[in-house]
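[1] generate a structure from the sequence data that follows.
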Amino acid sequence: MTDTVVVIYSGGMDSFTLLHHARACGYRVHALSFNYGQRHVRELDCARDVCRDLGVPHKVIDIRAMAEVMSGSALTSDIDVPEGHYEEDSMKATVVPNRNMILLSLATGYAVTADASAVWFGAHGGDHAIYPDCRPEFIRKMDAVCRIANYEPVGIEAPFMAMDKGAILARGLELGLDYSQTWTCYNGREKACGRCGSCVERLEAFAANGVTDPLDYEVSA
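    Next up is the predicted model:
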């Protein structure tokens, strides 16, 4: 086992917190981001800036060529992003087919190359209602597969699995993080919409912690 982990880093607040959490735990971090044709691709700009400032090795992998096998989601196709809370059935429109299995498989290959013992990603308790590939059973089975897929075992870990977004934010605030360095909104416009499931959950997390979100919103937060 090594003291290096690969963190799947989207540029959103969960993976931003996870990246810093891994560093605070003493791990050497390699950050890995993906361009899969998401309409909120501006999150990758946040990821690049943060990793540059921290001096963290960072790769952005362009997998837009796979768009035809990852279509049908409001995040990647010409479908309106639903508004409301994650637990509403309409949020299923934001599921990208097989996204996490694809990303974790690619990240596992990179982990072998980087001599990392594990891949970390930011799935959390608030994701369970809508996203099958963020649930504990999926993570357990991906972990089992990735430990035997190569000569070098690579673990799949979701350190925030038992936490909701409010608890993740609390950890980030404990670390003194600046969340203006993140992008969460599913729409890639100049300001965050404040209405999509991702924005709603983010705003709830800030309210639960009694702090103001530093991002600008199209609607009053």
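[2] where along this protein do the helices fall?
    Under the criterion DSSP state H, helices of the chain are mapped to 13-24, 42-54, 99-113, 136-146, 165-174, 197-208.
[3] return the most buried member of the ones you listed.
    Among the helices of the chain, the stretch with the highest mean neighbour count (mean count of other CB atoms under 10 Å) is helix 13-24, at a mean of 24. Every C-beta, even on glycine, is put in place using the N, C-alpha and C of the backbone.
[4] hmm, who's touching that one?
    With contact meaning CB atoms under 8 Å, 6 or more residues apart in numbering, helix 13-24 is reached by 5, 7-9, 29, 31, 46-47, 50, 54, 56, 120-122, 124, 159-160, 165, 168-169, 171-172, 175, 177, 179, 181-182, 184, 202, 205.
[5] dump the C-alpha coordinates for the longest strand belonging to the chain into PDB.
    If you go by DSSP state E, the chain has its longest strand at strand 28-35. The C-alpha coordinates for strand 28-35 follow below in PDB (Å, rounded to 0.1, in the frame of the first residue of the first chain):
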ATOM      1  CA  ARG A  28      -0.200  12.500  -1.700                       C
ATOM      2  CA  VAL A  29      -2.900  13.300  -4.200                       C
ATOM      3  CA  HIS A  30      -3.300  13.000  -7.900                       C
ATOM      4  CA  ALA A  31      -6.400  14.700  -9.200                       C
ATOM      5  CA  LEU A  32      -8.300  13.400 -12.200                       C
ATOM      6  CA  SER A  33     -11.000  15.200 -14.000                       C
ATOM      7  CA  PHE A  34     -13.200  14.200 -16.900                       C
ATOM      8  CA  ASN A  35     -14.800  16.200 -19.800                       C
END
